[in-house]
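S.K.: fold the following and give me the result.
(2 chains)
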Amino acid sequence: MSELREYKCPCCSGAIAFDSSLQKMKCPFCGAEFEPETLSEYDDALSTQTPEDMDWGDSAGSEWEDGEADSIKVFVCKSCGGEIVADENTAATACPYCGNPVVMTGRLSGMLKPDLVIPFKLDKKAAKAAYEKHISGKRLLPKVFRDQNHIDEIKGVYVPFWLFDCDTYADISYKATIEKEWSDDDYDYKETENYAVFRSGTLGFSGVPADGSSKMPDDLTESLEPFDLSEAVDFKTAYLAGYLADKYDVDAAASEERANERIKTTVEQKFRDTVKGYDTVDSDKVNVKFTSRGARYALYPVWLLNTTWNGNKYTFAMNGQTGKMVGDLPIDKKAKNLWFWGLTAAVTAGFYALLALIWFLR
Amino acid sequence: MKKLMILLLAVLLCVSLALPAFAEAATAAPMKGFHWLRNLIISLVVGLIVALIATSVMKGKLRSVYKQNAAASYVREDSFEVQKKKDMYLYSTTQKTAKPKSNDSN
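M.R.: Just a heads-up that it's a prediction; the model follows:
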């Protein structure tokens, strides 16, 4: 006696039945026909797909050793609530996020010791030069952004990041089609062949970053990537000298979701690149499982400049290791309108003159 | 500087609008048949499109912050391995569309 199994139609998920006249499985809902072996193989392939498991477990960072944190001072900004740390010899007077004064609150507490730090590779001079290059040629930018006194306020800050390392095992199923078209005297034909495609395998990641500061917008820090981890060193308090460091306020657990999203997207893209020879490919089920995982707490170097214009705050950041500069700049509406109408008038005049000349010379 | 630019553009516009009249006067050859209104409208549309494209490009240069949706830069070298590969044919569907027939009325 063979096992009684109810199969679902791969096309419309309806309950499928054996059609004795065709000697094939036929779906009474959508009319699709299949060989019985195909259905049983497809069903087996789907049911043996590895379930998803993207849980990170323990978090990163470690406890400070005795006396290690004594030389670190904590400052608080009364205006935005930001907490920054600096070594005992560095004076912090203004908040790098909102520009208002900060006050020292005391000794370090409630902060893990970072595992790694990428030391600043580019100094303040390089940061200012990069900023000036970033704003040059931007015709619609308001004047305040070019003011030298303001540019001098650029600050070097170590931004906390959670770094995620993992080995993944992915089990992915796709639906793919090959299309053929042909015609005869009376009709146009379009045949669509439907395929179920399965891929599974491994992919490893190292240092996927998610920022641990709620004051640094995620899209800003992500735009600064990549940071080169090969230049990272074990954390020592001495690296803080001369710079400020942001105390993390988003813990590893809260950042995991963002890291998982990015990891899953890359896994899907990598395996999809191996599905070739079809006209259309759509993901059906994407299951990713961690076979090994770990998280680290790191400080990455960033030069920050905040500019207020028209009641809005604009943050510019420069990767303190690679020099990459990012920051959305606002539009000066008056300048934009001048350019728009000016160009319209100029091009209209020029084009009209051209039309007249062509007509005249014909 | 801005006022000078605006003045210059206004002069340019007036000159080109008057160009057909100048040409006629200078050469005694009539610009008859030159549809000045239609050509002006065409030129205006072209001007607006060019200005729109140019200011959009200038606006685009001001944006540099983007979310990173993937983690491709963090993939470990030699860690990618496809262990199972299965491509299964399931079924086919065929669509048939009748070709329009032209009726000969003559």
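S.K.: where does the chain dip in pLDDT?
M.R.: Let's take chain A. A:1-5, A:57-59, A:89, A:91, A:106-110, A:149 (pLDDT under 70).
S.K.: wrong one, chain B
M.R.: Ranges of chain B meeting pLDDT under 70: B:1-32, B:102-106.
S.K.: going along the chain, name the helices of chain B.
M.R.: Ranges of helices within chain B are B:2-27, B:36-60, based on DSSP state H.
S.K.: my guess is residue A:232 contacts residue A:117. True?
M.R.: Yes. The pair residue A:232 / residue A:117 is scored as a contact, 6.6 Å apart, by C-beta atoms under 8 Å. (Glycine included, C-beta is placed from N, CA and C.)
S.K.: what touches both of those two?
M.R.: Counting by C-beta atoms under 8 Å, 6 or more residues apart in numbering or on different chains, the shared contacts of residue A:232 and residue A:117 are residue A:298.
S.K.: the nearest residue to residue B:82 once chain neighbours are set aside: neighbouring residues, count only.
M.R.: Leaving aside its sequence neighbours, residue B:82 sits nearest to residue A:201 (C-beta to C-beta, 6 or more residues apart in numbering or on different chains; 4.2 Å). The number of residues packed near residue A:201 is 20, by other C-beta atoms under 10 Å in any protein chain shown.
S.K.: and for the one 10 residues further on?
M.R.: When neighbours are defined as other C-beta under 10 Å, residue A:211 has 24 of them.
S.K.: what's the separation between it and residue A:270?
M.R.: The gap separating residue A:211 from residue A:270 is 25 Å, by C-beta to C-beta, to the nearest Å.
S.K.: with residue A:298 instead?
M.R.: 25 Å.
S.K.: so between these two, which is more surrounded?
M.R.: residue A:298 (24 against 19).
S.K.: nearest spatial neighbour of the more buried one, skipping sequence neighbours?
M.R.: Nearest non-adjacent residue to residue A:298 (C-beta to C-beta, 6+ apart): residue A:116, at 4.2 Å.
S.K.: partners of the one you found in the sheet?
M.R.: residue A:234, residue A:298 (DSSP bridges).
S.K.: what sits against it?
M.R.: Here residue A:116 is in contact with A:163, A:229, A:232-235, A:296-299 (criterion: C-beta under 8 Å, 6+ apart).
S.K.: check residue A:50 too.
M.R.: Contacts of residue A:50 (C-beta under 8 Å, 6+ apart): A:169, A:171, A:200, A:287, A:289.
S.K.: between those, which sits nearest chain B?
M.R.: residue A:200 (4.4 Å; C-beta to the nearest C-beta).
S.K.: give me the element the closest one is part of.
M.R.: Using DSSP states H and E, residue A:200 sits within strand A:187-211.
S.K.: that strand packs against which elements?
M.R.: Where contact means 3 or more C-beta pairs under 8 Å, 6 or more residues apart in numbering or on different chains; DSSP states H and E, strand A:187-211 is packed against helix A:36-47, strand A:155-183, helix A:218-223, helix A:252-272, strand A:280-309, strand B:81-98.
S.K.: so for residue A:128, which of the ones you listed sits nearest?
M.R.: strand A:280-309 (8.7 Å; C-beta to C-beta).
S.K.: how far away is the nearest residue to residue A:86 once chain neighbours are set aside from residue A:118?
M.R.: Residue nearest to residue A:86 in three dimensions, not counting chain neighbours: residue A:92, with 4.8 Å by C-beta to C-beta, 6+ apart. For residue A:92, the distance to residue A:118 equals 21 Å [C-beta to C-beta].
S.K.: of all of the stretch 151-300 of chain A, which residue lies closest to chain B?
M.R.: residue A:204 (3.1 Å).
S.K.: residues near that residue, how many?
M.R.: For residue A:204, using other C-beta under 10 Å, the count is 18.
S.K.: and residue A:307, by the same measure?
M.R.: 20.
S.K.: also the one 5 residues further on?
M.R.: Neighbour count for residue A:312, taken as other C-beta under 10 Å: 8.
S.K.: does it touch residue A:331 like I think?
M.R.: No. Taking C-beta under 8 Å as the definition, residue A:312 is not a contact partner of residue A:331, at 11.6 Å.
S.K.: element containing residue A:345, please.
M.R.: Going by DSSP H and E, residue A:345 is in helix A:333-361.
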